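Asks: Here is a sequence together with a model predicted from it:
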Amino acid sequence: MRIGIFADSHDHLDNIRLAVDQFNRAECERVIFAGDLVSTIAVPPLRALCCPLIGCFGDNEGNKTGLRAGLRIVATLYEEPPVRFEAADGTRFVIAHMERQFCGADNAFDVGVYGHTHKPRIRRDECGRLFINPGETGGWSFGRPTIVILETDKLHVRVIELT
């Protein structure tokens, strides 16, 4: 299964459009979002996704009600992380905005997805679980907008720069 992953778009509409284009061209079956869309102006480009989106809010969402309502056709966004999600192939995900929010989750997952730091980071823990921070889609902080494409069959991760 191919999963697109992004976080920290912070209303950068051009980069959201680029991310959606990458996810659609990669034929992602699901997209995971790890927080900080920020406002409802991010809704229209996300409606162009060709697959469902699941995710959580971050610490900079200004209009959660509007975001949830505007995206209800293509997305399910949760208020309180960690969010649990099981992909069609059985891969178990936990989604949070901040890595420390995994503390409330039990250890029964294969992939942890988070954002907040705006820097891409891929690592495995001592139990073999994969942790993915896709970096910042917005590119405002470090000027390197990135997303991730994950192949769940081999847990292969590809970081893609949006330039």
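Replies: Alright, I've got the coordinates. Residues are numbered from 1 along each chain as shown.
Asks: Any idea how many residues pack against the nearest residue to T146 once chain neighbours are set aside?
Replies: Of all residues not flanking T146 in the chain, G135 sits nearest, at 3.7 Å (Cβ to Cβ, 6 or more residues apart in numbering). C-betas here are computed from N, CA, C, even on glycine. By other Cβ atoms under 10 Å, 28 other residues sit near G135.
Asks: tell me the centre residue of the chain?
Replies: With distances taken as Cα atoms, centre = their mean, F33 lies nearest the centre of the chain, 2.4 Å away.
Asks: P44 and V20, how far apart?
Replies: Separation of P44 from V20 (Cβ to Cβ, to the nearest Å) stands at 10 Å.
Asks: More neighbours: the two, which one.
Replies: The neighbour count for P44 versus V20, taken as other Cβ under 10 Å, is higher for V20 (22 against 12).
Asks: Pull the contacting residues for that one.
Replies: By Cβ atoms under 8 Å, 6 or more residues apart in numbering, the contact list for V20 reads 45-46, 48-49.
Asks: Okay, and the beta partners of the closest residue to I32 other than its chain neighbours?
Replies: Spatial nearest neighbour of I32, chain neighbours left out: I5 (4.8 Å); criterion: Cβ to Cβ, 6+ apart. Beta-bridge pairing for I5 (DSSP bridges): I32, V148.
Asks: any idea how far T65 is from I5?
Replies: To T65, I5 is 25 Å away according to Cβ to Cβ.
Asks: So between these two, which is more surrounded?
Replies: More crowded of I5 and T65, by other Cβ under 10 Å: I5, with 31 against 9.
Asks: so the more buried one touches L130, yeah?
Replies: No. With contact defined as Cβ atoms under 8 Å, I5 does not reach L130; the gap is 11.1 Å.
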